[in-house]
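Undergrad: Here is my input; please provide its structure:
(one chain, ligands or ions: 1)
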Amino acid sequence: MTAPLFLDGSPAAHDALRAAVAEVLAVLTATDERGPFPSAGPARLRETAQAIEPLPDDAEPLGEVLADVGRTVLANGARVTDPWCAAHLHPPTLLTAAAAELAIAATNQSMDSYDQAPMATYVEDRLVGRLNELIGLPATASGVLTSGGTASNLLGLLLARDHAAGGANLSGLPAGAGRWRILASAGAHVSVRQAAAVLGLGRDAVVAVGTDDDGRMDVAALDRTLDQLAQTGAVPIAVVGTAGTTDTGAVDPLAALADRAAACGAWFHVDAAVGSALVLSDRLKPLVAGLERADSITADLHKLWWQPIGASALLVRSAASLGSVREPADYLNRTEDDDVLNLVDRSLDTSRRFDALKILVSLRATGRRRLAGLVEHLVDLAALAGEAVRRRADLELLAPPQTVTVLFRCRPDGVDEDRLDALNVDVQRRLLTSGRAVVGRTRYRGRVALKLTFTNPLTSPDDVAALLAAVAAEASARVGVAA
Ligand SMILES: Cc1ncc(COP(=O)(O)O)c(C=O)c1O
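TA: Below is the predicted model:
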């Protein structure tokens, strides 16, 4: 008898699933004791991948496939659970969320229509409602889950576009759209410019507003920009605030931005991909004061809410604003079926995963208080890392930590300013290619900067001190080599 291929509800299928899960777990635990990054370089990884046959003519035993995948694929991954894997904003996942992923995949409901996801539809709606309540949006609020912050920003800015000209969703951009501008800080995420391109406004419709010394949008600069736009006949259709920028973790002065957006009739979108998690904590929530005044909010749950990718939300102040997304289809969200909720009416996706399930399961199984403690730990860790950088003569803090990010560079004694960029590139690359540490590298105010992003609640102050010491030691070794 051949092994069941599908979950058909039979005992044989359940047994086969249980055995398959046990084999996956065996491989996962066997590959768990590694450093943060593989030391094999890109050429070797490519060669190893090319040697894999993804579609053999005949079946291979699952145990053998998984053993091979464990050795060649999983063992060569970035390991986000390692405290020295600290470059990016994607975190270790709550194990309860990872486990619930199995139920999502196994039941494979699609969130576009009620007749494909009956209870799931209302569960996502309930989850979104709870997020809105936590943020403090009014009862008119609504939202939808998306695959990530990029998708949420696109949807938020699409609503801004349609707010600027009712009917743009039907007949395209009006004649004056060439004068439309989106104002975002110079530290806003690249997906804002990308969204402007996708929406037909062009990337250059995004005006970068200057930031203060903390990397927050400078309100005086915003006022000047608005004046200049008015003088040239340009129309600000959206003000985008960022609650937790990618590189400095800065939170824009959201209430002031909300005032400016209201005064000029612009949509107020807040990219709280990072900062949305601060509302979990009574202590940290004041840092994002004004978030509740947004017309739309990007809240990533696969960042500081520790969900497996993808898990993000686009939240809106008024459910009616999502109306411009709705495109009825005779087979799907039929006009006559107005007694049911079809979430495709709120979404740019058609088929979509039931990601709300893993979120709901893991949030319930952790609890708000515990999650708040984890966010507070990471914010405290970033502050502590900032202090540690300040205390070291061989490191230079480039921006004060405000949420979970520390931006700095190596500055060993005796190295001229014009050699520092190359040195810092070299340090970051060597730590990465040797597999010792994944440290972020970006540019800040024209200079190469290193970045630690704390999303791993298991990271301790000792881990941070040791990582900073390793970065500084690498820089001093490079200076020794060059001398
Ligand atoms: C502030 C901010 N917004 C949006 C994004 C994009 O999110 P995603 O990677 O989930 O598309 C990021 C990613 O780091 C981010 O830092």
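Undergrad: Grab the CA positions of stretch 306-324 and hand them over as PDB.
TA: C-alpha atoms of stretch 306-324 as PDB (Å, rounded to 0.1, in the frame of the first residue of the first chain):
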ATOM      1  CA  TRP A 306       7.300  37.300  16.700                       C
ATOM      2  CA  GLN A 307       5.100  35.700  14.000                       C
ATOM      3  CA  PRO A 308       6.500  33.600  11.200                       C
ATOM      4  CA  ILE A 309       6.600  35.500   7.900                       C
ATOM      5  CA  GLY A 310       4.200  36.600   6.500                       C
ATOM      6  CA  ALA A 311       2.100  38.300   9.000                       C
ATOM      7  CA  SER A 312       1.200  42.000   8.600                       C
ATOM      8  CA  ALA A 313      -1.900  44.200   8.900                       C
ATOM      9  CA  LEU A 314      -3.200  47.300   7.200                       C
ATOM     10  CA  LEU A 315      -5.500  49.000   9.600                       C
ATOM     11  CA  VAL A 316      -7.800  51.800   8.600                       C
ATOM     12  CA  ARG A 317      -9.600  54.400  10.600                       C
ATOM     13  CA  SER A 318     -12.700  54.100   8.500                       C
ATOM     14  CA  ALA A 319     -14.000  50.800   7.100                       C
ATOM     15  CA  ALA A 320     -15.500  52.800   4.200                       C
ATOM     16  CA  SER A 321     -12.100  53.900   2.900                       C
ATOM     17  CA  LEU A 322     -11.400  50.300   1.900                       C
ATOM     18  CA  GLY A 323     -14.400  50.500  -0.500                       C
ATOM     19  CA  SER A 324     -12.100  51.600  -3.300                       C
END
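Undergrad: Buried residues, it. List them.
TA: Under the neighbour-count criterion of 16 or more other C-beta atoms under 10 Å, stretch 306-324 has 306-308, 310-318, 321-322, 324 buried. The C-beta positions use only the backbone N, C-alpha and C, and glycine is treated the same way.
Undergrad: Pick out whichever of those residues sits closest to Val219.
TA: Nearest to Val219 among the buried residues of stretch 306-324: Arg317, at 21.6 Å, using C-beta to C-beta.
Undergrad: The closest residue to the closest one other than its chain neighbours: how many residues sit nearby?
TA: Nearest residue to Arg317, sequence neighbours excluded (C-beta to C-beta, 6 or more residues apart in numbering): Asp295, at 5.0 Å. Asp295: 24 surrounding residues under other C-beta atoms under 10 Å.
Undergrad: is it true that Asp295 touches His163?
TA: Yes. Counting by C-beta atoms under 8 Å, Asp295 does reach His163; the two are 7.4 Å apart.
Undergrad: can you tell me which of the buried residues of stretch 306-324 are up against the ligand?
TA: Residues shared between the buried residues of stretch 306-324 and the neighbourhood of the ligand are Ser312 [C-beta under 6 Å from any ligand atom].
Undergrad: closest to Leu332 among the buried residues of stretch 306-324?
TA: Leu322 (16.4 Å).
Undergrad: Now do that closest one against the ligand, distance only.
TA: Distance of Leu322 to the ligand, given as C-beta to the nearest ligand atom, to the nearest Å: 20 Å.
Undergrad: for that residue, what are its contacts?
TA: Counting by C-beta atoms under 8 Å, 6 or more residues apart in numbering, Leu322 touches 142, 144, 159, 316, 345-346.
Undergrad: which one of those residues is nearest the ligand?
TA: Nearest to the ligand, judged by C-beta to the nearest ligand atom, of the contacts of Leu322 is Val144 at 14.8 Å.
Undergrad: Arg18: how many residues sit nearby?
TA: Based on other C-beta under 10 Å, the number of other residues close to Arg18 is 10.
Undergrad: swap in Val274?
TA: 29.
Undergrad: so it sits right up against Leu301, yeah?
TA: No. Between Val274 and Leu301 there is no contact under C-beta under 8 Å: 11.3 Å.
Undergrad: Which residues are in contact with the closest residue to Gly166 other than its chain neighbours?
TA: Distances taken as C-beta to C-beta, 6+ apart put Ser324 closest to Gly166, at 8.0 Å, once the chain neighbours are dropped. Residues in contact with Ser324 (C-beta under 8 Å, 6+ apart) are 158-159, 162, 166, 168-169.
Undergrad: Could you report the pLDDT at Ala483?
TA: Looking at Ala483, its pLDDT reads 57.
Undergrad: Which residue is it, in the stretch 1-150 of the chain, that comes closest to the ligand?
TA: For the stretch 1-150 of the chain, C-beta to the nearest ligand atom, closest residue to the ligand: Gly149, 2.5 Å.
Undergrad: That residue reaches Ser191, doesn't it?
TA: Yes. When contacts are counted by C-beta under 8 Å, Gly149 is listed as touching Ser191 (6.5 Å).
Undergrad: in the stretch 151-300 of the chain, which spans are strands?
TA: Counting by DSSP state E, counting those that start in this stretch, the stretch 151-300 of the chain has strands at residues 180-185, 206-209, 235-242, 267-271, 296-300.
Undergrad: right, so of those, which gets closest to Leu381?
TA: strand 296-300 (19.4 Å).
Undergrad: Is that closest one positioned near the ligand?
TA: Yes. Under the criterion of C-beta under 6 Å from any ligand atom, the ligand is reached by strand 296-300 at Asp300.
Undergrad: What is the helix or strand following that strand packed up against?
TA: Next helix or strand after strand 296-300 toward the C-terminus (DSSP states H and E): strand 312-316. Judged by 3 or more C-beta pairs under 8 Å, 6 or more residues apart in numbering; DSSP states H and E, the packing partners of strand 312-316 are helix 118-135, strand 142-146, helix 149-164, strand 296-300.
Undergrad: tell me the mean pLDDT for strand 312-316?
TA: pLDDT averaged over strand 312-316 gives 98.
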